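>>> sequence plus the predicted model coming up.
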Amino acid sequence: MEGNPTGCMGLPDYLGWQWKSKVEIPIVCVPGCPVQPDNFMETLLYLLYMASGRAPMIPLDEALRPTWLFGSTVHEGCDRGGYYEQGQFGEEYGSPLCIVKLGCWGPVVQCNVGKRGWMGGIGGCPNVGGICIGCTMPGFPDKFMPFMNQPPGSLLSSAAVQTYGRAIHALRKFTQASLNKVPSWRRQSAILGNSD
Ligand code: SF4
Ligand code: SF4
């Protein structure tokens, strides 16, 4: 058994992906390394409501993850999304720019940690400079290794974004410079001139 000498597995593989308890509660996966604690408690609370007949069947995706927690990508909630869109990519650690070239898998990884933070709203991997390594995905870790290499699928998209993003960024700089100037009609000389 390559890469898994002990043969360990998750509950869905062990019991079956369609398994349900006697009271019709399915297996629910709340992934993460470690699990985001609010995600875990929220899911537990939902299941308690469900078990007591106060909530409908928990909505799950094909990997048995609660859809309201794992329906969006890290990228969609990342503080650095604006830099990505403008084609501004960091080349070294500590950069405030988008870190896709340093190995961030955020554009294709489903996780809400970017928005929710790690604990009490604080942190969130890419927001604070840590590449997303895909720890909420069923293919983790094997499909995301070697960590810290640029994800192969991102080469094309980041190259395309770089061309478009640089042009957009230059145009925005132009508009920004104009918006940073006080309108001529609001200048003191114009106001004094009007009051004459
Ligand atoms: S740091 Fe990662 S998640 Fe954030 S914008 Fe860049 S690629 Fe997307
Ligand atoms: S942002 Fe990426 S590495 Fe961080 S918790 Fe989410 S999936 Fe895991």
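All right, it came through fine. Numbering: from 1, shown residues only. Ligands and ions are numbered 1, 2, ... in the order given.

>>> which parts of this structure are helices?
Counting by DSSP state H, the chain has helices at residues 11-15, 37-51, 67-70, 81-85, 113-116, 154-179, 188-195.

>>> compare those and give me the one nearest Cys29.
Relative to Cys29, the nearest member of these by C-beta to C-beta is helix 11-15, separated by 6.9 Å. Every C-beta, even on glycine, is put in place using the N, C-alpha and C of the backbone.

>>> list the contacts for the spatially most central residue of the chain?
By C-alpha atoms, centre = their mean, the chain has its centre lying nearest to Val74, at 0.9 Å. Contacts for Val74 were tallied using C-beta atoms under 8 Å, 6 or more residues apart in numbering; they are 104-107, 109-111, 113-114, 125-126, 132.

>>> let's see 10 Å
If a contact means C-beta atoms under 10 Å, 6 or more residues apart in numbering, then Val74 has 81, 104-115, 124-127, 132, 134, 136 as its contacts.

>>> which ones among these also lie next to ligand 2?
109, 111, 113-114, 125, 132, 134, 136 (C-beta under 6 Å from any ligand atom).

>>> farthest pair within those residues?
Gly114 and Gly134 (12.9 Å).

>>> residues from this structure in reach of ligand 1?
74-75, 78, 80-81, 84, 98-100, 104, 106-107, 126, 132.

>>> let's see it at 5 Å
By C-beta under 5 Å from any ligand atom, the residues of the chain that approach ligand 1 are 74-75, 78, 80-81, 84, 98-100, 104, 106, 126.

>>> just those residues now: which is nearest Leu155?
Closest approach between these and Leu155, by C-beta to C-beta: Val100, at 9.6 Å.

>>> how many neighbours does Asn127 have?
Applying other C-beta atoms under 10 Å, we find 18 residues neighbouring Asn127.
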